[in-house]
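Visitor: the amino acid sequence is not available; the structure is as follows:
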(Lines give C-alpha, C1' and ligand atoms only; values in the text may rest on other atoms or scores of the structure.)
Protein backbone atom coordinates (compact mmCIF):
# COMPACT_ATOMS: atom_id res chain seq x y z
CA UNK A 1 0.00 0.00 0.00
CA UNK A 2 1.17 3.52 -0.75
CA UNK A 3 1.15 6.49 1.53
CA UNK A 4 -2.09 8.38 1.90
CA UNK A 5 -2.22 11.96 0.69
CA UNK A 6 -2.32 14.58 3.43
CA UNK A 7 -4.21 17.09 1.27
CA UNK A 8 -7.46 18.30 2.78
CA UNK A 9 -10.05 18.00 0.03
CA UNK A 10 -13.15 17.58 2.19
CA UNK A 11 -13.89 14.11 0.83
CA UNK A 12 -13.69 15.01 -2.88
CA UNK A 13 -11.83 12.21 -4.64
CA UNK A 14 -12.94 12.46 -8.26
CA UNK A 15 -15.29 14.56 -10.33
CA UNK A 16 -16.71 13.71 -13.77
CA UNK A 17 -17.38 17.37 -14.52
CA UNK A 18 -14.71 18.53 -17.03
CA UNK A 19 -15.10 22.14 -15.84
CA UNK A 20 -14.67 21.28 -12.14
CA UNK A 21 -11.84 23.05 -10.37
CA UNK A 22 -11.11 22.26 -6.73
CA UNK A 23 -10.60 25.29 -4.50
CA UNK A 24 -9.16 25.08 -1.02
CA UNK A 25 -10.99 26.98 1.71
CA UNK A 26 -8.13 28.80 3.39
CA UNK A 27 -10.29 31.42 5.09
CA UNK A 28 -10.86 29.19 8.14
CA UNK A 29 -7.12 28.96 8.82
CA UNK A 30 -6.58 32.71 8.65
CA UNK A 31 -9.08 33.64 11.34
CA UNK A 32 -7.09 34.79 14.33
CA UNK A 33 -8.58 35.63 17.68
CA UNK A 34 -6.91 38.54 19.42
CA UNK A 35 -5.44 37.92 22.87
CA UNK A 36 -7.93 40.36 24.37
CA UNK A 37 -10.85 38.29 23.02
CA UNK A 38 -9.67 34.94 24.42
CA UNK A 39 -11.32 33.25 27.41
CA UNK A 40 -8.49 31.56 29.30
CA UNK A 41 -9.16 29.38 32.35
CA UNK A 42 -6.50 28.32 34.84
CA UNK A 43 -7.12 25.43 37.22
CA UNK A 44 -5.23 23.17 39.59
CA UNK A 45 -5.60 19.46 38.82
CA UNK A 46 -4.53 16.46 40.90
CA UNK A 47 -6.64 13.74 39.27
CA UNK A 48 -4.96 10.91 37.36
CA UNK A 49 -1.53 12.27 38.31
CA UNK A 50 -0.62 10.17 41.38
CA UNK A 51 -1.49 13.04 43.72
CA UNK A 52 0.90 15.50 42.09
CA UNK A 53 -0.56 18.93 41.39
CA UNK A 54 -0.41 20.46 37.92
CA UNK A 55 -1.70 23.75 36.56
CA UNK A 56 -3.95 23.39 33.50
CA UNK A 57 -4.49 26.32 31.18
CA UNK A 58 -7.43 25.87 28.83
CA UNK A 59 -9.52 27.91 26.42
CA UNK A 60 -6.81 29.17 24.07
CA UNK A 61 -8.19 29.62 20.56
CA UNK A 62 -5.35 29.45 18.09
CA UNK A 63 -3.43 26.98 16.01
CA UNK A 64 -1.15 24.33 17.51
CA UNK A 65 2.04 26.21 16.68
CA UNK A 66 0.88 29.30 18.59
CA UNK A 67 -0.24 27.11 21.49
CA UNK A 68 3.18 25.40 21.61
CA UNK A 69 4.88 28.81 21.67
CA UNK A 70 2.61 30.07 24.43
CA UNK A 71 3.28 26.91 26.45
CA UNK A 72 7.03 27.29 26.03
CA UNK A 73 6.91 30.93 27.12
CA UNK A 74 4.79 30.09 30.18
CA UNK A 75 7.08 27.24 31.23
CA UNK A 76 10.09 29.48 30.88
CA UNK A 77 8.49 32.33 32.85
CA UNK A 78 7.38 30.05 35.69
CA UNK A 79 10.65 28.09 35.69
CA UNK A 80 8.95 24.71 35.59
CA UNK A 81 8.47 21.79 33.26
CA UNK A 82 5.29 20.84 31.51
CA UNK A 83 3.77 20.03 28.16
CA UNK A 84 1.09 20.97 25.67
CA UNK A 85 -1.50 18.27 24.96
CA UNK A 86 -5.03 18.21 23.58
CA UNK A 87 -5.30 21.99 23.42
CA UNK A 88 -4.22 22.43 27.05
CA UNK A 89 -1.03 23.76 28.57
CA UNK A 90 0.15 21.70 31.54
CA UNK A 91 2.58 23.23 34.03
CA UNK A 92 4.11 21.25 36.89
CA UNK A 93 3.06 22.38 40.34
CA UNK A 94 0.75 25.16 41.47
CA UNK A 95 1.64 28.02 39.11
CA UNK A 96 -1.80 29.64 38.90
CA UNK A 97 -0.83 33.07 40.21
CA UNK A 98 2.36 33.38 38.14
CA UNK A 99 0.61 32.16 34.97
CA UNK A 100 -2.34 34.48 35.50
CA UNK A 101 -0.12 37.54 36.01
CA UNK A 102 2.00 36.71 32.95
CA UNK A 103 -1.02 36.09 30.71
CA UNK A 104 -2.58 39.40 31.74
CA UNK A 105 0.71 41.17 31.04
CA UNK A 106 0.73 39.59 27.55
CA UNK A 107 -2.68 41.08 26.75
CA UNK A 108 -5.10 38.32 27.70
CA UNK A 109 -7.96 40.19 29.39
CA UNK A 110 -10.39 37.40 30.31
CA UNK A 111 -8.14 35.16 32.46
CA UNK A 112 -9.82 33.50 35.42
CA UNK A 113 -9.07 30.85 37.98
CA UNK A 114 -11.45 27.97 37.63
CA UNK A 115 -12.37 25.21 40.05
CA UNK A 116 -12.03 25.14 43.83
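Guide: Here it is on my side, so go on. These numbers were taken from a predicted model, which means no experiment stands behind them. Residues are numbered from 1 along each chain as shown.
Visitor: buried set for the lengthiest helix in the chain?
Guide: Scanning the chain for the longest helix, with DSSP state H as the assignment, gives helix 64-78. Neighbour-count burial for helix 64-78, counted by 16 or more other CB atoms under 10 Å, picks out 67, 70, 71, 74, 75, 77, 78. Bear in mind the C-beta positions are built from the backbone N, C-alpha and C, glycine included.
Visitor: scan this structure for its longest strand.
Guide: strand 39-45 (DSSP state E).
Visitor: that one packs against which elements?
Guide: strand 54-58, helix 96-105, strand 110-113 (3 or more CB pairs under 8 Å, 6 or more residues apart in numbering; DSSP states H and E).
Visitor: the same query, at a cut-off of 10 Å, please.
Guide: For strand 39-45, the elements it packs on are strand 54-58, strand 88-92, helix 96-105, strand 110-113, judged by 3 or more CB pairs under 10 Å, 6 or more residues apart in numbering; DSSP states H and E.
Visitor: ok, which of those comes nearest residue 36?
Guide: strand 110-113 (8.0 Å; CB to CB).
Visitor: what lies in contact with that closest one?
Guide: 35-44, 57, 59, 96-97, 99-104 (CB atoms under 10 Å, 6 or more residues apart in numbering).
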